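# A structural model of the following input is requested.
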Amino acid sequence: MAKINTSHSVNDPRYTAIREASAAAKENNDCSVVAIAAACDISYDDAHKAMKAEGRKDRQGALTSDILKAVKAVGFKAKKVDPQKFIKQYPGVHSTLKGVTTHHMDRFPKAWDDGKTYLLFTKRHIGAVVAGVNIDWTKGSSKRAVAIYEVTK
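Below is the predicted model:
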């Protein structure tokens, strides 16, 4: 397998604006807030308020159930997706992979560029994939997804 290009940066104005708002709020451990803001195309402050309403404390992580409730609270639905939906579209022997990683959006763009939005949960992190682009610091790394949710209005 080819080496992962770790020089990828999240060169997306949406992510930059979200991270600036996070820094202004003096937050950390706020990946759930960042992911909701990116996936639902809302401001960082609105996502932060939604997560706070679901019990997230400042500068602390959040439970998956609370994240999904916050997504619903801002007017969206989150439906769990089988990773095989993407894997079966991968070329050649890659279609037999057992899991998805945060690098697959760059590696197999045809499988991910379906115009949809996803929340990608890893063991201790969450990121957003919008129209096939990983809008998260995990872009260019290989964090294994444990759950994928499609986000719709």
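# what's around residue 106, how many residues?
Close neighbours of residue 106, defined as other C-beta atoms under 10 Å, add up to 16. Using the backbone N, CA and C atoms, a C-beta is placed for each residue, glycine as well.
# pretty sure it is in a helix, no?
Yes - assessed by DSSP: H, G, I helix; E, B strand; the rest coil, residue 106 belongs to a helix.
# element containing residue 78, please.
In this structure, residue 78 sits in strand 77-81 according to DSSP states H and E.
# adjacent strands (with direction) for that strand?
strand 145-152 (antiparallel) (DSSP bridges).
# where along the protein do the helices fall?
Applying DSSP state H to the chain gives helices spanning 13-24, 31-40, 44-53, 64-73, 84-87, 104-107, 109-112.
# how about those, which one is nearest residue 153?
The closest of the helices of the chain to residue 153 is helix 31-40. By C-beta to C-beta, the value is 8.7 Å.
# just to revisit the earlier point, next, the buried residues of the strand holding residue 78.
For strand 77-81, the neighbour count (16 or more other C-beta atoms under 10 Å) marks 78, 81 as buried.
# and the angle for that strand with helix 64-73?
Here strand 77-81 runs at an angle of 130 degrees relative to helix 64-73 (axes from the mean of the first three to the mean of the last three C-alpha atoms, to 10 degrees).
# residues in contact with strand 77-81: which ones?
Residues outside strand 77-81 that contact it (C-beta atoms under 8 Å, 6 or more residues apart in numbering): 68, 71, 72, 118, 119, 147, 148, 149, 150, 151, 152, 153.
# ok, how many other residues are close to the third one?
What that stands for is residue 72. By other C-beta under 10 Å, 13 other residues sit near residue 72.
# with that, I have no additional questions.
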